[in-house]
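Enquirer: compute the structure for the input listed below.
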Amino acid sequence: MSIFLYAWESTLNADIERRIRAMEMRCYRRLLGISYEDHTTNEEVSRRSENAIGPHVDLLSIVRQRKLVWAHYSLIWLCQDHHAGYPPTGALPCLHRYKKAFDRVWHEALWSTMRKYNINSNLIGVIENLYDAATSAVFCNKNIGDWFRTTVGVRQGCLLSPTLFNIFLERIMTDALEDHCGTSIGGISITNLRFADDIDGLAGNECEVASLVEQLDKASSNFGMEISAEKTKIMTNSKEPSKKETKINGQILESVTKFKYLGSIISDEGSKPEILSRIAQTTAALTKLKPIWNNKSIAISSMIRLLRSLVMSIFLYACESWTLNADIERRIRAMEMRCYRRLLGISKIIPQMRK
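Expert: Take a look at the predicted model:
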């Protein structure tokens with residue numbers, strides 16, 4: 001018998017269009033609704049779960065001392081070293097993405113993994129009880145469909161779901177990387193960088209990349225997960241094009257010279273491609289807010305606050321990991337000056353003063 005109220009175990013699924021007049025299901029984003037009481041309960045259970053699994057799960061999303069900036073900087077540094085010809089410290093990144101990762105979590109394997117990490121049995125029982133009694137329904141056209149049992153996957157929108165997914169993913173990565181050497185940073189061996197379902201495997205050469213992909217695909221299949229060959233990329237930092245093909249389920253993985261990881265562009269050229277992309281995104285955001293900058297009834301102090309929250313936040317994302325030179329610093333100062341000129345309504349063309 002469930003120890004939770006029926007409302008706490010119930011979830012409504014609604015689809016929101018990602019694109020106007022979308023005809024395919026992949027063009028919709030699923031929205032799940034849970035009760036406030038369920039949200040509060042899961043927050044407390046999630047807090048206790050994180051404290052229990054902290055020593056066991058090595059994930060950027062759980063260990064609070066580590067930040068995304070650390071992942072960005074480490075990856076950029078390794079790529080530059082490999083491109084410069086330092087194989088002992090450089091690395092070949094391989095970005096993996098799963099198909100429907102959060103919807104394919106195997107419950108029995110999840111409970112087994114939690115017991116393996118010696119998490120409190122009472123805490124496991126509470127979470128297991130919640131999922132065993134979980135039901136869902138689809139909300140469409142103002143109508144609620146029939147309720148059905150959910151036997152696989154974690155509940156999206158629930159505060160507990162990221163923690164449970166990280167535990168499940170840790171089991172897969174432990175099995176896959178048991179014999180993988182990875183690379184070294186400051187004498188510490190690092191085999192991968194992970195945040196949620198963004199997995200970046202690190203290898204020293206092309207043969208290790210192929211072995212890493214094979215082992216990860218095998219371990220993922222054992223737990224019901226499937227790697228998306230379309231979204232999986234291998235970054236080649238060599239000055240010569242690679243002749244070795246890496247495959248998943250018969251599909252050849254694409255080799256690229258740069259890719260986007262956690263919202264930032266990773267390239268062997270350093271931070272320049274990322275900064276140029278940030279400047280373009282910031283300029284677009286600045287232009288969209290033109291009616292606000294032209295509104296003379298808004299105080300300058302309010303405009304500055306809007307500029308910092310809506311525009312500069314886009315530009316400065318993960319800026320702590322940037323590598324700067326004289327040209328990049330000049331571009332950054334020009335971007336800042338452009339923002340303040342637009343805010344104050346000052347034209348870029350300054351009339352030449354008479355001598």
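Enquirer: now do the same contact list for Ile248.
Expert: The neighbours of Ile248, taking Cβ atoms under 8 Å, 6 or more residues apart in numbering as the test, are Val213, Asp217, Ile227, Ala229, Thr232. Every residue, glycine included, has its C-beta placed from N, CA and C.
Enquirer: next step: those restricted to helices.
Expert: Here DSSP state H is the test, and those give Val213, Asp217 as lying in helices.
Enquirer: using JSON lines, lay out the contacts of Ile248 together with neighbour count and pLDDT.
Expert: Below are these laid out as JSON lines (neighbours: other Cβ atoms under 10 Å; pLDDT from 0 to 100):
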{"residue": "Val213", "neighbour count": "23", "pLDDT": "83"}
{"residue": "Asp217", "neighbour count": "20", "pLDDT": "85"}
{"residue": "Ile227", "neighbour count": "22", "pLDDT": "85"}
{"residue": "Ala229", "neighbour count": "20", "pLDDT": "82"}
{"residue": "Thr232", "neighbour count": "22", "pLDDT": "83"}
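Enquirer: does the closest residue to Gly145 other than its chain neighbours sit in a helix, a strand or a coil?
Expert: Residue nearest to Gly145 in three dimensions, not counting chain neighbours: Val138, with 4.4 Å by Cβ to Cβ, 6 or more residues apart in numbering. Put simply, Val138 is strand when judged by DSSP: H, G, I helix; E, B strand; the rest coil.
Enquirer: let's see the pLDDT reported for Val138.
Expert: Note for Val138: predicted pLDDT of 72.
Enquirer: and Thr287, what helix or strand is that in?
Expert: Taking DSSP states H and E as the definition, Thr287 sits inside helix 272-288.
Enquirer: hey, C-alpha coordinates of the helix or strand that that helix is followed by in CSV?
Expert: Where DSSP H and E defines the elements, the next helix or strand beyond helix 272-288 is helix 290-293. Taking Å, rounded to 0.1, in the frame of the first residue of the first chain, the C-alpha atoms of helix 290-293 are listed here in CSV:
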residue,chain,number,x,y,z
LYS,A,290,15.3,48.5,-29.2
PRO,A,291,11.7,49.7,-28.1
ILE,A,292,12.9,49.8,-24.5
TRP,A,293,16.1,51.7,-25.3
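Enquirer: which strands and helices sit next to helix 290-293?
Expert: Contacts defined by 3 or more Cβ pairs under 8 Å, 6 or more residues apart in numbering; DSSP states H and E place helix 290-293 against helix 300-306, helix 326-344.
Enquirer: so which bits of that helix are buried?
Expert: Across helix 290-293, burial judged by 16 or more other Cβ atoms under 10 Å covers Trp293.
Enquirer: same question, stretch 113-120
Expert: Thr113, Met114, Ile119.
Enquirer: which of those lies closest to Ile328?
Expert: In terms of Cβ to Cβ, no member of the buried residues of stretch 113-120 lies closer to Ile328 than Thr113, at 44.4 Å.
Enquirer: which residue is the nearest non-sequential neighbour of that closest one?
Expert: In space, Thr113 is closest to Arg171, 4.3 Å off (Cβ to Cβ, 6+ apart).
Enquirer: where do the helices sit along the stretch 101-250 of the chain?
Expert: Using DSSP state H, counting those that start in this stretch, the helices of the stretch 101-250 of the chain run over residues 107-116, 121-132, 161-176, 206-222.
Enquirer: which strands and helices sit next to the longest one?
Expert: When you say that, I think you mean helix 206-222. Applying 3+ Cβ pairs under 8 Å, 6+ apart, we find helix 206-222 packed against strand 92-96, helix 161-176, strand 198-203.
Enquirer: can I get the longest one as CSV, trimmed to CA atoms?
Expert: To tie it back to what came earlier, the one meant is helix 161-176. In CSV, the C-alpha atoms belonging to helix 161-176 read as follows (Å, rounded to 0.1, in the frame of the first residue of the first chain):
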residue,chain,number,x,y,z
SER,A,161,14.5,13.2,-10.9
PRO,A,162,17.9,14.7,-11.7
THR,A,163,19.4,13.0,-8.6
LEU,A,164,17.9,9.7,-9.5
PHE,A,165,19.1,10.0,-13.1
ASN,A,166,22.6,10.8,-12.0
ILE,A,167,22.7,7.7,-9.8
PHE,A,168,21.5,5.5,-12.7
LEU,A,169,24.0,7.1,-15.1
GLU,A,170,26.8,6.6,-12.7
ARG,A,171,26.2,2.8,-12.7
ILE,A,172,26.4,2.8,-16.5
MET,A,173,29.6,4.9,-16.6
THR,A,174,31.2,2.7,-13.9
ASP,A,175,30.7,-0.4,-16.0
ALA,A,176,31.7,1.3,-19.3
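Enquirer: buried sites along that helix?
Expert: Buried residues in helix 161-176, counting neighbours by 16+ other Cβ under 10 Å, are found at 161-173, 176.
Enquirer: great, nothing more from me.
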